[in-house]
Structure formats: structure tokens, C-alpha cells
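A.B. asks: Task: produce atomic coordinates for the following.
(chains A and B)
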Amino acid sequence: EDQVTQSPEALRLQEGESSSLNCSYTVSGLRGLFWYRQDPGKGPEFLFTLYSAGEEKEKERLKATLTKKESFLHITAPKPEDSATYLCAVQASWNTDKLIFGTGTRLQVFP
Amino acid sequence: GAVVSQHPSRVICKSGTSVKIECRSLDFQATTMFWYRQFPKQSLMLMATSNEGSKATYEQGVEKDKFLINHASLTLSTLTVTSAHPEDSSFYICSALDRRYGNQPQHFGDGTRLSIL
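C.D. replies: Numbers count the residues shown, from 1 in each chain, chains lettered A, B, ... in the order given. Next up, the predicted model:
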């Protein structure tokens, strides 16, 4: 069964304290892995798409990496405005655009 | 770019009422739209996928007669929750993409908070 697991469930960081969020997946055939940011009461905001192991993408303080079994979202020197829930999702088949989401990591960054 | 608008943002209504939620792609043509449901502190669960001009494909366990989906144009999809009951209270989110341009990410609306009294 296709599955996505994110850890930790919640993360509290001091401003400037770098860390990483993990997304482990088991799928029959990975078509793409997506990272989204979701603020309370809002829809997810697209961050990155990764397609193959070894691929990396960066945007401001965020960097996403991908291996054959997991993806990491590295946050460098986070700021309070980075506080949000970060969602990982996979497209598990070439026959569908369906996304399978993990339960997310709730990040809180304190000044 | 890739803006998806969802309306209304919040609905409170009595049990037995039918509620319609609109999802519009504002600056691109959405060949495919998706409807999700999200419970507090849980992940997004896909309810159905709709392609413009076609009948929606529902996920297992989702009642198609309960959740009516229409995707009549490339910029608009609607979800109607028929005869809503308190257990239908949830956060409903739509997303959209244009699959004519390869493997594009889904872009999401800001969701509709549905509360049934």
C-alpha cells in the first residue's frame, strides 16, 4: 500500500536554529514528491516538486532533497514567519494525478 | 500565477440543508480539479477527482450521491454537500491543475470551513 509518513509531528525551534523535517514514503512507482506549506485555516501553498533521487531544490531558507525512500526539508536559520505546517505528498502512479499526503509537521519558530 | 479561489470561506447551516462550494482557477485553465476533506490535525484526504466535461471519479468510501461534483468549465468546479448533517462538518479544500503541460503541481484554494448545526 502506498504510504507517506512525516516526522516529527511537531517541532519547536528558536529563531536561527536550523533543522530538518523528514518525509518517508513507500510507493509502487514514484512519479513526483511535493512539499507544501499550510498556514492555519488556509489551503496548502506549493513549495517544491522533486522527481528523482539525488535531486535538490532551494527557495530562500528552505531546501528539499530526495532519496529513494525519503525526502528532507531543511530549514536554515528559520524566522518566526516560517511557522506553519509542512506537508509532504507523493504521486504514486503515472496513471493518475492523485496525491497521497502525509499528516504534516507543525513547525513553530520562536523569536 | 496559479491562483485558485474557493468560495465561501465559511458556512454555518442547519442539518438537512444542501451547501454548494465553488472552486475557480483565476489565471489558468484547470483541466483537472480535486476535492479534499481535512479534519483537525489530520492530513488531506482526497474525496474525488474531476476532469472538465466528465463525471467525477470518487475515492472509495465517498458517497457520490452525497457529494455532488460538477466541473462544467475549465475554470470552475462545484461541490454540493446534499442534506448535510453534523458529521459532514469539516474543512473542504479544492485544488486544480492543467495537465496539458506535463507533471504540474496541484494549486490549492484556501478551503471552506463547513459547520452543520
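A.B. asks: When you work out contacts or count neighbours from here on, use the C-alpha atoms and nothing else.
C.D. replies: Noted.
A.B. asks: Now for residue 6, how many residues are close by?
C.D. replies: You didn't pick a chain, so chain A it is. For A:Q6, the neighbour count with other C-alpha atoms under 10 Å in any protein chain shown is 23.
A.B. asks: was after chain B, sorry
C.D. replies: 23.
A.B. asks: same deal with B:V62?
C.D. replies: Neighbours of B:V62 (other C-alpha under 10 Å): 13.
A.B. asks: ok, the residue found closest to B:R10 once you drop the neighbours it is linked to in the chain - contacts?
C.D. replies: Nearest residue to B:R10 in three dimensions, chain neighbours excluded: B:R113, at 4.6 Å (C-alpha to C-alpha, 6 or more residues apart in numbering or on different chains). Contacts were defined as C-alpha atoms under 8 Å, 6 or more residues apart in numbering or on different chains; by that measure B:R113 touches B:9-11, B:89-92.
A.B. asks: Going by residue numbers, what spans are strands in the chain?
C.D. replies: No chain was given, so I picked chain A. A:3-7, A:10-14, A:19-26, A:32-38, A:45-50, A:56-59, A:62-66, A:70-75, A:84-91, A:99-101, A:105-110 (DSSP state E).
A.B. asks: Correction: the question concerned chain B.
C.D. replies: For chain B, the strands defined by DSSP E occupy B:4-7, B:10-13, B:19-25, B:32-38, B:44-51, B:57-58, B:67-73, B:76-81, B:90-97, B:107-108, B:112-116.
A.B. asks: Reformat these as TSV; add mean pLDDT.
C.D. replies: Output for the strands of chain B, formatted as TSV (pLDDT from 0 to 100):
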stretch	mean pLDDT
strand B:4-7	95
strand B:10-13	96
strand B:19-25	96
strand B:32-38	95
strand B:44-51	93
strand B:57-58	94
strand B:67-73	92
strand B:76-81	96
strand B:90-97	95
strand B:107-108	95
strand B:112-116	96
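A.B. asks: Put together a markdown table for those, with distance to A:A89 on each row.
C.D. replies: Shown next, in a markdown table, are those (distance: least, C-alpha to C-alpha, whole Å):
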| stretch | distance to A:A89 |
| --- | --- |
| strand B:4-7 | 19 |
| strand B:10-13 | 26 |
| strand B:19-25 | 21 |
| strand B:32-38 | 13 |
| strand B:44-51 | 10 |
| strand B:57-58 | 19 |
| strand B:67-73 | 24 |
| strand B:76-81 | 23 |
| strand B:90-97 | 14 |
| strand B:107-108 | 13 |
| strand B:112-116 | 21 |
